[in-house]
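> pasting the structure only:
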């Protein structure tokens, strides 16, 4: 079984930065595609970023491209989301996600096999 635990959420001002972390359990973490989704109040969960097992391939939602950076440290079983130039519309619960069935990147929640419990990010204007 894989467990994902997010941390690093909180309150930030517009233009500021936050760094989210996701700690993963499981011996095969290094083979998983990892990523982040978010869900704002009253909205559906949406894709934010994803990274392949090697870290060599990444993908981002257009809304965060150039502002957010996803990275991973397989030795520590960790995935990170560095969020810069934050905007009020980035306010949401952010979820760590993992895909174990193959090595593909994902952009849909239906392609995810494991979820974290979420961490709140609030950006004030």
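Good, I have the coordinates. Because the structure is a prediction, the values reported are computed rather than measured.
> switch to C-alpha atoms for all contacts and neighbour counts from now on
Fine.
> The nearest residue to residue 12 once chain neighbours are set aside: what's it in contact with?
Closest residue in space to residue 12, ignoring its immediate chain neighbours: residue 123 at 4.9 Å, by C-alpha to C-alpha, 6 or more residues apart in numbering. Contacts of residue 123 were listed using C-alpha atoms under 8 Å, 6 or more residues apart in numbering, and they are 11-14, 86-91.
> what about 7 Å?
Listed by C-alpha atoms under 7 Å, 6 or more residues apart in numbering, the contact set of residue 123 reads 11-14, 86-88, 90-91.
> next one: residue 116
For residue 116, the contacting residues are 3-6, 95-97, by C-alpha under 7 Å, 6+ apart.
> So residue 30: helix, strand or coil?
In three-state terms, and counting by DSSP: H, G, I helix; E, B strand; the rest coil, residue 30 is helix.
> Pull up the per-residue confidence for it.
In this prediction, residue 30 carries a pLDDT score of 85.
> For burial, what's the neighbour tally of it?
20 (other C-alpha atoms under 10 Å).
> ok, for it, nearest residue in space, not its chain neighbours?
Excluding the flanking residues, the one nearest residue 30 by C-alpha to C-alpha, 6+ apart is residue 74, at 5.2 Å.
> and the one you found, how many neighbours does it have?
The local packing count at residue 74 equals 17, with neighbours defined by other C-alpha under 10 Å.
> Equivalent analysis for the one 3 residues further on, please.
If you count neighbours by other C-alpha under 10 Å, residue 77 ends up with 17.
> Can you pull the phi/psi pair for it?
Its backbone dihedrals place residue 77 at phi 60, psi 50, with angles given as degrees, to the nearest 10.
> Return the residues in contact with it.
For residue 77, the set of contacting residues under the criterion of C-alpha under 7 Å, 6+ apart consists of 23-25, 29.
> same check, this time on residue 49
Contact criterion C-alpha under 7 Å, 6+ apart gives 35-36, 59-61, 70 as the residues in contact with residue 49.
> Sheet partners, orientation included, of the strand or helix carrying it?
With elements taken from DSSP states H and E, the one containing residue 49 is strand 46-51. Strands that pair with strand 46-51, judged by DSSP bridges, come out as strand 33-39 (antiparallel), strand 58-60 (antiparallel).
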